[in-house]
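Trainee: Here is my input, please return the structure:
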Amino acid sequence: MPYISPQRLTDVHVHYIVGSNRSGTTLLTTVLNANNEVLSTPEVRFTMAFWRQYGNQNPVSGNFAEDLNTYVQIIYKYVQQARKMQLSLTDFDKDTYFNFDTEKLKQLNYANLCKLLLFNIQLPNKNYDTIKTIVDKNPDYTFYIKQLLKIYPDAKILVAMRDYRAVVLSQKESIETGTGDIATQAYLWHIYNKEIHKLIKQYEGKIMPVYYEQMVQQPELVVKQICSFLAIDFTPEMLNPQQKLSVKAQDLQKSDISERDKKKIGDLIKPINTSRLEAWKQRLTPNEMTLIEHFCAQTGQKFGYQPTLQISASTHLKLNLRYLFRMMYIQISFTILTKYYFLLPFKLRIFLMNKIGLRR
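Mentor: Numbers count the residues shown, from 1 in each chain. Predicted structure coming up:
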């Protein structure tokens with residue numbers, strides 16, 4: 001690519017995909033990338049990573065090039081270590097990120113700079129000359145809608161929604177998390193979707209919930225609704241997005257590919273299907289169901305997900321007391337490392353990335 005004219009960047013629209021993990025954000029990304037005029041980026045966090053320091057600059061100062069290099073060096077190290085297979089699906093222009101031309105910064109405001117960084121994420125089978133819209137997927141951005149809309153006032157937000165019991169089951173069985181910690185995953189679903197409920201009321205017309213259950217049962221209807229909402233053209237290829245991924249089955253058997261990536265890429269190349277919609281009914285134990293309903297039922301009902309258990313007040317009290325300190329720890333760590341993380345000074349975030357392995 002790697003550098004694009006300011007006018008070309010200005011003409012490109014930016015939208016976002018948010019929502020709790022395992023709720024269908026990756027499916028939405030894959031569907032949108034099947035459209036030749038859309039670039040839907042994976043979970044890179046350039047826009048918010050530099051917002052605190054550079055978000056109000058026009059043009060952006062030359063110091064940005066050094067900070068970008070520092071940030072990407074750390075991210076790339078973790079990508080090489082933990083996501084070898086992912087590199088075959090997602091790469092980036094290393095010259096742009098590691099040696100950003102400071103002369104180009106004189107032509108760029110922060111909004112166009114972020115577009116340029118996202119444009120330099122290289123996906124397979126993509127002709128970047130036809131791109132008119134970027135859709136940036138980041139579950140963490142659920143808590144930064146206010147800031148994102150300041151950067152891109154015309155942005156629209158797709159919110160991935162999914163039954164909380166299915167989400168917790170997916171987290172439980174995920175190689176990525178591997179914790180099986182039902183209480184933690186249920187509480188995190190509650191935190192994300194409590195915020196989403198507020199956002200839908202606050203930004204009416206700017207946010208569209210996309211229910212996973214409807215997406216896999218009525219894909220054409222839902223995809224056309226998404227296209228209308230984002231003002232992009234519907235194409236039939238969006239109903240079979242896996243055909244755009246150039247991954248050979250034998251590649252998934254390579255020994256240097258992590259089990260996490262084998263499963264993740266394997267899931268991506270499967271057609272849209274309904275096979276796991278109600279798997280939670282068989283795979284969650286009664287005790288797990290009680291715990292999940294305890295944390296999620298009240299919030300879930302706001303989105304039309306009805307509880308399957310009636311839990312007594314005494315049981316709620318017992319569970320609150322039993323998990324009090326764990327929930328306090330989760331709330332504090334989540335607030336610092338996710339909800340307000342991008343409001344921390346850049347150097348402090350770099351320190352946290354180096355010391356505790358954060359990839360944000």
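Trainee: pLDDT below threshold where in this structure?
Mentor: Filtered on pLDDT under 70, the chain yields the residue ranges 1, 78-90, 175-180, 244-273.
Trainee: What residues sit buried inside stretch 115-123?
Mentor: By 16 or more other CB atoms under 10 Å, the buried positions in stretch 115-123 come out as Lys115, Leu116, Leu117, Leu118, Phe119, Asn120, Ile121, Leu123. C-beta here means a position set from N, CA and C on the backbone, and glycine is covered the same way.
Trainee: now, which of those lie within helices?
Mentor: Lys115, Leu116, Leu117, Leu118, Phe119 (DSSP state H).
Trainee: any chance of the buried residues of stretch 115-123 in TSV, with distance to Asp95 too?
Mentor: As requested, the buried residues of stretch 115-123 are exported to TSV (distance: CB to CB, whole Å):
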residue	distance to Asp95
Lys115	18
Leu116	13
Leu117	13
Leu118	16
Phe119	14
Asn120	9
Ile121	14
Leu123	18
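Trainee: Adding distance to Ser333, write the ones in helices among the buried residues of stretch 115-123 out as JSON lines.
Mentor: Below are these laid out as JSON lines (distance: CB to CB, whole Å):
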{"residue": "Lys115", "distance to Ser333": "32"}
{"residue": "Leu116", "distance to Ser333": "33"}
{"residue": "Leu117", "distance to Ser333": "28"}
{"residue": "Leu118", "distance to Ser333": "29"}
{"residue": "Phe119", "distance to Ser333": "34"}
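Trainee: tell me which of these is nearest to Trp189?
Mentor: Sorting these by how near they are to Trp189, with CB to CB, puts Leu118 at the top with 27.8 Å.
Trainee: list the contacts for that closest one?
Mentor: Contacts for Leu118 (CB atoms under 8 Å, 6 or more residues apart in numbering) come out as Val14, Leu39, Thr41, Val44, Phe46, Thr47, Ile134, Asp136.
Trainee: If any of those residues are buried, give me the ChimeraX selection for them.
Mentor: This is how ChimeraX selects the buried members of the contacts of Leu118, with burial counted by 16+ other CB under 10 Å:
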select :14,39,41,44,46,47,134,136
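Trainee: Tell me where the stretch 201-350 of the chain has helices.
Mentor: 212-217, 219-230, 259-268, 280-283, 286-301, 313-322, 324-334, 346-356 (DSSP state H, counting those that start in this stretch).
Trainee: Same question for the fifth one: list its buried residues.
Mentor: In this case it means helix 286-301. By neighbour count with 16+ other CB under 10 Å, helix 286-301 contains the buried residues Glu288, Met289, Thr290, Leu291, Ile292, Glu293, His294, Phe295, Cys296, Ala297, Thr299, Gly300.
Trainee: which of the residues you listed lies closest to Leu199?
Mentor: Distances from Leu199 to the buried residues of helix 286-301, taken by CB to CB, are shortest for Thr299, at 13.3 Å.
Trainee: and the helix or strand Thr96 falls within, which residues are buried?
Mentor: Thr96 is part of helix 94-98, with elements assigned from DSSP states H and E. Buried residues in helix 94-98, defined by neighbour count with 16+ other CB under 10 Å: Thr96, Tyr97.
Trainee: got a list of contacts for that helix?
Mentor: Residues contacting helix 94-98 (CB under 8 Å, 6+ apart): Met1, Pro2, Tyr3, Leu68, Asn69, Val72, Gln73, Leu116, Leu117, Asn120.
Trainee: This completes my enquiry, with thanks.
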